[in-house]
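Visitor: this one's sequence-less:
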Ligand SMILES: [Zn+2]
(Lines give C-alpha, C1' and ligand atoms only; values in the text may rest on other atoms or scores of the structure.)
Protein backbone atom coordinates (compact mmCIF):
# COMPACT_ATOMS: atom_id res chain seq x y z
CA UNK A 1 0.00 0.00 0.00
CA UNK A 2 1.17 3.49 -0.74
CA UNK A 3 -0.21 6.74 0.58
CA UNK A 4 -0.62 9.79 -1.60
CA UNK A 5 -1.48 13.33 -0.71
CA UNK A 6 -4.15 14.30 -3.24
CA UNK A 7 -5.55 17.66 -4.27
CA UNK A 8 -8.74 18.44 -6.14
CA UNK A 9 -9.45 21.26 -8.64
CA UNK A 10 -10.68 23.36 -5.73
CA UNK A 11 -7.39 22.90 -3.89
CA UNK A 12 -8.77 20.65 -1.15
CA UNK A 13 -6.03 18.33 0.03
CA UNK A 14 -6.61 14.88 1.44
CA UNK A 15 -4.81 11.56 1.78
CA UNK A 16 -5.74 8.28 0.16
CA UNK A 17 -4.22 4.82 0.05
CA UNK A 18 -3.60 2.87 -3.14
CA UNK A 19 -2.24 -0.61 -3.81
CA UNK A 20 0.52 0.94 -5.91
CA UNK A 21 1.36 3.98 -8.01
CA UNK A 22 -0.11 2.11 -11.00
CA UNK A 23 -3.30 1.55 -9.00
CA UNK A 24 -3.55 5.27 -8.41
CA UNK A 25 -2.97 6.07 -12.10
CA UNK A 26 -5.59 3.49 -13.07
CA UNK A 27 -8.25 4.87 -10.73
CA UNK A 28 -7.44 8.40 -11.85
CA UNK A 29 -7.67 7.45 -15.55
CA UNK A 30 -11.06 5.82 -14.96
CA UNK A 31 -12.35 8.90 -13.14
CA UNK A 32 -12.87 6.96 -9.92
CA UNK A 33 -11.13 9.52 -7.77
CA UNK A 34 -13.15 12.30 -6.26
CA UNK A 35 -12.47 14.94 -3.66
CA UNK A 36 -13.41 13.90 -0.13
CA UNK A 37 -14.63 17.44 0.53
CA UNK A 38 -16.44 18.68 -2.58
CA UNK A 39 -16.70 15.63 -4.84
CA UNK A 40 -14.65 17.20 -7.63
CA UNK A 41 -13.21 14.46 -9.85
CA UNK A 42 -10.23 16.45 -11.16
CA UNK A 43 -7.99 14.96 -8.53
CA UNK A 44 -4.24 14.67 -8.75
CA UNK A 45 -1.26 14.16 -6.50
CA UNK A 46 -0.41 17.19 -4.43
CA UNK A 47 3.23 18.25 -4.32
CA UNK A 48 4.73 16.71 -1.20
CA UNK A 49 6.34 18.91 1.41
CA UNK A 50 9.83 17.73 2.30
CA UNK A 51 9.70 15.78 5.54
CA UNK A 52 12.57 15.85 7.97
CA UNK A 53 12.59 13.28 10.72
CA UNK A 54 14.80 14.11 13.63
CA UNK A 55 16.75 11.34 15.30
CA UNK A 56 16.06 12.50 18.84
CA UNK A 57 12.81 10.57 19.09
CA UNK A 58 10.56 13.59 19.18
CA UNK A 59 7.77 14.15 16.69
CA UNK A 60 8.74 14.47 13.03
CA UNK A 61 8.98 18.02 11.79
CA UNK A 62 7.54 19.16 8.49
CA UNK A 63 8.50 22.34 6.74
CA UNK A 64 5.73 24.18 4.95
CA UNK A 65 7.11 25.21 1.57
CA UNK A 66 4.75 28.14 1.16
CA UNK A 67 5.41 29.95 4.43
CA UNK A 68 8.71 28.46 5.53
CA UNK A 69 7.22 27.93 8.95
CA UNK A 70 8.05 24.80 10.88
CA UNK A 71 5.33 22.90 12.63
CA UNK A 72 5.40 19.72 14.63
CA UNK A 73 3.16 16.98 13.36
CA UNK A 74 2.59 13.47 14.56
CA UNK A 75 2.75 11.35 11.42
CA UNK A 76 0.51 8.30 11.91
CA UNK A 77 2.66 6.08 9.70
CA UNK A 78 6.00 6.92 11.31
CA UNK A 79 6.24 5.73 14.92
CA UNK A 80 8.59 7.81 17.03
CA UNK A 81 11.99 6.27 17.64
CA UNK A 82 12.52 5.05 21.19
CA UNK A 83 14.07 7.63 23.45
CA UNK A 84 17.77 7.33 24.14
CA UNK A 85 18.45 5.52 27.41
CA UNK A 86 19.18 7.68 30.42
CA UNK A 87 22.76 7.60 31.79
CA UNK A 88 21.44 5.63 34.77
CA UNK A 89 19.75 3.03 32.52
CA UNK A 90 22.91 2.82 30.42
CA UNK A 91 24.98 2.28 33.54
CA UNK A 92 22.67 -0.46 34.78
CA UNK A 93 22.87 -2.14 31.36
CA UNK A 94 26.66 -2.09 31.33
CA UNK A 95 26.73 -3.37 34.92
CA UNK A 96 24.49 -6.27 33.97
CA UNK A 97 26.69 -7.02 30.96
CA UNK A 98 29.78 -7.08 33.17
CA UNK A 99 28.07 -9.39 35.68
CA UNK A 100 27.15 -11.88 32.92
CA UNK A 101 30.64 -11.85 31.45
CA UNK A 102 32.34 -12.18 34.82
CA UNK A 103 30.07 -15.08 35.77
CA UNK A 104 30.41 -17.06 32.55
CA UNK A 105 33.72 -16.12 30.99
CA UNK A 106 37.23 -16.80 32.18
CA UNK A 107 39.25 -13.73 33.12
CA UNK A 108 42.66 -13.89 31.42
CA UNK A 109 43.52 -10.28 32.20
CA UNK A 110 46.31 -8.74 30.13
CA UNK A 111 46.95 -12.03 28.32
CA UNK A 112 43.68 -11.67 26.44
CA UNK A 113 45.16 -11.27 22.95
CA UNK A 114 47.63 -14.14 23.43
CA UNK A 115 44.95 -16.44 24.84
CA UNK A 116 42.41 -15.54 22.16
CA UNK A 117 44.98 -16.32 19.46
CA UNK A 118 45.97 -19.60 21.17
CA UNK A 119 42.32 -20.69 21.32
CA UNK A 120 41.77 -19.65 17.72
CA UNK A 121 44.84 -21.61 16.60
CA UNK A 122 43.72 -24.69 18.53
CA UNK A 123 46.72 -24.51 20.87
CA UNK A 124 44.45 -24.02 23.89
CA UNK A 125 41.05 -25.54 24.68
CA UNK A 126 38.16 -23.52 23.22
CA UNK A 127 36.46 -21.46 25.91
CA UNK A 128 35.01 -18.03 26.40
CA UNK A 129 37.43 -15.56 27.86
CA UNK A 130 37.56 -11.90 28.72
CA UNK A 131 40.32 -9.53 29.66
CA UNK A 132 42.13 -6.42 28.56
CA UNK A 133 43.66 -5.76 25.17
CA UNK A 134 45.19 -2.75 23.52
CA UNK A 135 43.59 -1.22 20.46
CA UNK A 136 46.43 -2.61 18.30
CA UNK A 137 45.94 -6.10 19.71
CA UNK A 138 42.21 -5.95 18.99
CA UNK A 139 42.93 -4.77 15.44
CA UNK A 140 45.39 -7.61 14.87
CA UNK A 141 42.90 -10.16 16.18
CA UNK A 142 40.14 -8.82 13.95
CA UNK A 143 42.45 -8.87 10.91
CA UNK A 144 43.17 -12.55 11.60
CA UNK A 145 39.45 -13.30 11.77
CA UNK A 146 39.39 -13.85 15.53
CA UNK A 147 36.06 -12.60 16.90
CA UNK A 148 36.47 -9.99 19.62
CA UNK A 149 33.67 -8.08 21.28
CA UNK A 150 34.68 -4.79 22.86
CA UNK A 151 32.83 -4.31 26.15
CA UNK A 152 32.14 -0.77 27.33
CA UNK A 153 33.93 -0.04 30.57
CA UNK A 154 31.87 1.06 33.51
CA UNK A 155 31.04 4.76 33.43
CA UNK A 156 31.92 6.67 36.59
CA UNK A 157 29.08 6.82 39.06
CA UNK A 158 27.46 10.16 39.82
CA UNK A 159 26.29 8.90 43.18
ZN1 LIG B 1 -12.48 19.46 -3.33
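Guide: Received, thanks. None of these values were measured; they are calculated from a predicted model.
Visitor: from here on, just use CA atoms for contacts and neighbour counts.
Guide: Noted.
Visitor: where do the domain boundaries of the protein fall?
Guide: 2-48, 53-81, 87-143 (automatic domain parsing).
Visitor: I'd assumed residue 129 was in contact with residue 108.
Guide: Yes: with contact defined as C-alpha atoms under 8 Å, residue 108 counts as touching residue 129 (6.5 Å).
Visitor: list the buried residues for stretch 16-32?
Guide: 24, 28 (16 or more other C-alpha atoms under 10 Å).
Visitor: what about it, average pLDDT?
Guide: Average pLDDT, stretch 16-32: 93.
Visitor: same thing with stretch 125-137?
Guide: If you average the pLDDT values across stretch 125-137, you get 85.
Visitor: give me every residue in this protein lying close to the ion.
Guide: 8, 10, 12, 35, 37-38 (C-alpha under 5 Å from the ion).
Visitor: helix/strand/coil for residue 146?
Guide: Assigned with DSSP: H, G, I helix; E, B strand; the rest coil, residue 146 falls in the coil class.
Visitor: what does it show for phi and psi?
Guide: Backbone torsions of residue 146, given as degrees, to the nearest 10, read phi -100, psi 120.
Visitor: if I look at the nearest residue to it once chain neighbours are set aside, how far off is the ion?
Guide: Leaving aside its chain neighbours, residue 146 sits nearest to residue 120 (6.6 Å; criterion: C-alpha to C-alpha, 6 or more residues apart in numbering). Counting by C-alpha to the ion, to the nearest Å, the gap from residue 120 to the ion is 70 Å.
Visitor: for residue 153, same thing?
Guide: Relative to the ion, and taking C-alpha to the ion, residue 153 is found at 61 Å.
Visitor: on that earlier part again, number of nearby residues for the residue nearest to residue 146?
Guide: The tally of other residues near residue 120 (other C-alpha atoms under 10 Å) stands at 18.
Visitor: distance to residue 152 added to the domains of the chain, as a markdown table?
Guide: Shown next, in a markdown table, are those (distance: least, C-alpha to C-alpha, whole Å):
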| stretch | distance to residue 152 |
| --- | --- |
| domain 2-48 | 42 |
| domain 53-81 | 23 |
| domain 87-143 | 7 |
